[in-house]
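Novice: no FASTA, just this:
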């Protein structure tokens, strides 16, 4: 453990559960890197992802964006391709895009697809899947409205998926954001997670929550407050 990291830990009250307002303000005091660190939220949910109805997955458009420039590739043709380009897509294609991906060229961060192009996308599913790039209707990346999907992704949409241990991680902004904007982004994210609570999930849904920066230790969040965000 570095001296810098130890100094950051000493600033934190490890016995305290921080409210959203407190955590959003205090997290800015933990900045130590020379770059604009990402503010990251981590939640542990009381679900069993082995059951299909407890596989928590989706997307949320954060009110203040993520602070990250996102490059979007779109599988679309005809008028849908034109709409995607007009909405700001970085790459639009069909067979040519498949060929590019097969060659290992990934100059994009998110893939969007029109439904009539999913047959093409299926050809490279084994390449996109492990990289977390496979389009999915639950995250709004398979849709006939490709223009809105591109705008959402560019405007701060965050996709999430629970892992096998019930954990969800997401970047919800930058440390340079005002504390109020960090809090509002965090609230929007947690609100979406709460809306996806399965009816079969028993007991406390959000078991633990934490907020951190790319290079900082984590602040423990008040899970009672998180549970009340609707």
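Specialist: Right, received. Where do you want to start? Fair warning: this is a prediction, and the values are worked out from it, not measured in the lab.

Novice: which helices and strands does the worst-scoring helix or strand of the chain on mean pLDDT pack with?
Specialist: Counting by mean pLDDT, DSSP states H and E, the chain has its least confident helix or strand at helix 3-11, which shows a mean of 89. Judged by 3 or more CB pairs under 8 Å, 6 or more residues apart in numbering; DSSP states H and E, helix 3-11 is in contact with no other helix or strand. C-beta coordinates here come from the backbone N, C-alpha and C atoms, glycine included.

Novice: enumerate the positions of the helix or strand just after that helix that are buried.
Specialist: Counting by DSSP states H and E, the next helix or strand C-terminal to helix 3-11 is helix 20-26. Neighbour-count burial for helix 20-26, counted by 16 or more other CB atoms under 10 Å, picks out 20, 22-26.

Novice: repeat for stretch 116-136
Specialist: Across stretch 116-136, burial judged by 16+ other CB under 10 Å covers 117, 120-121, 124, 128, 133-135.

Novice: gap between the two ends of that stretch?
Specialist: Taking CA to CA, to the nearest Å, stretch 116-136 runs 13 Å from one end to the other.

Novice: follow-up on the earlier one: just the buried residues of stretch 116-136 now: which is nearest residue 42?
Specialist: residue 133 (21.9 Å; CB to CB).

Novice: the helices in the chain, which residues?
Specialist: Ranges of helices within the chain are 3-11, 20-26, 79-87, 95-102, 118-122, 125-128, 146-154, 179-195, 223-228, based on DSSP state H.

Novice: tell me the mean pLDDT for the fourth one?
Specialist: I take that to be helix 95-102. Taken as a whole, helix 95-102 carries a mean pLDDT of 96.

Novice: starting at the chain centroid, how far to it?
Specialist: With CA atoms, centre = their mean, to the nearest Å as the basis, helix 95-102 stands 26 Å off its chain's centre.

Novice: now swap in the first one and tell me
Specialist: When distances are taken as CA atoms, centre = their mean, helix 3-11 is centred 27 Å away from the chain's centroid.

Novice: quick revisit: next, format the buried residues of stretch 116-136 as JSON lines and append distance to residue 147 and pLDDT.
Specialist: Shown next, in JSON lines, are these (distance: CB to CB, whole Å; pLDDT from 0 to 100):
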{"residue": "117", "distance to residue 147": "15", "pLDDT": "97"}
{"residue": "120", "distance to residue 147": "19", "pLDDT": "95"}
{"residue": "121", "distance to residue 147": "18", "pLDDT": "97"}
{"residue": "124", "distance to residue 147": "23", "pLDDT": "97"}
{"residue": "128", "distance to residue 147": "22", "pLDDT": "96"}
{"residue": "133", "distance to residue 147": "20", "pLDDT": "95"}
{"residue": "134", "distance to residue 147": "21", "pLDDT": "96"}
{"residue": "135", "distance to residue 147": "15", "pLDDT": "96"}
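
Novice: make JSON lines out of those residues and add distance to residue 188.
Specialist: Listed next are the buried residues of stretch 116-136 as JSON lines, based on distance: CB to CB, whole Å:
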{"residue": "117", "distance to residue 188": "30"}
{"residue": "120", "distance to residue 188": "33"}
{"residue": "121", "distance to residue 188": "29"}
{"residue": "124", "distance to residue 188": "32"}
{"residue": "128", "distance to residue 188": "27"}
{"residue": "133", "distance to residue 188": "24"}
{"residue": "134", "distance to residue 188": "24"}
{"residue": "135", "distance to residue 188": "23"}
